[in-house]
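Asker: No sequence on hand, only this structure:
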């Protein structure tokens, strides 16, 4: 019987604690996410991996240009979480005129876009408790222009670091 006790004490118990700790961290603190689509090119490419903070953003709040992971609103008719850039905060008026973005009537420069945005949109006012999000690959992204605002309670975390591929490792967001 002491052999089993020794096996439990040396292997089973520590491994159980490690698994429990890893699941707790992934559920409540942070996790790595895979980028499955081209909607955030050039900022994030297909197959990139990002580290998503699930705690700090709740205390620091979100800002324009933060990259968030969220459960899609019902209007999106999607099952998987989305990753997009925060453009409009509660109370903001967002408008796209001739491919240029305006927030609260002022031009909003976006030097990270690869190509000019097409068309017009809005103006719309972001309701309290919601966000307006866009993909960086504007002409090929399904985002708030298509399915409306993202409720703040749908936000699961803020992408803070690209961890893969290693040659593109670095901080993300504003």
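Answerer: Perfect, thanks for sending it. Keep in mind that what you see is a predicted model, and the values were worked out from it rather than measured.

Asker: got the buried residues for the longest strand seen in the chain?
Answerer: Longest strand of the chain, by residue count under DSSP state E: strand 155-164. Neighbour counts over strand 155-164 (16 or more other Cβ atoms under 10 Å) mark 155, 156, 157, 158, 159, 160, 161, 162 as buried. Just so you know, the C-beta spots here come from the backbone N, C-alpha and C atoms, and that holds for glycine as well.

Asker: Closest one of those residues to residue 115?
Answerer: residue 162 (21.3 Å; Cβ to Cβ).

Asker: Wait, the closest one touches residue 50, no?
Answerer: Yes: Residue 162 lies in contact with residue 50 (Cβ atoms under 8 Å); the separation is 5.4 Å.

Asker: Give me the common contacts of these two.
Answerer: 44, 172 (Cβ atoms under 8 Å, 6 or more residues apart in numbering).

Asker: hey, where'd the helices end up in this protein?
Answerer: 2-7, 13-28, 56-60, 144-147 (DSSP state H).

Asker: which secondary element of the chain has the worst mean pLDDT?
Answerer: When each helix and strand of the chain is scored by mean pLDDT, DSSP states H and E, helix 13-28 comes last, with a mean of 65.

Asker: Good, we can wrap up now.
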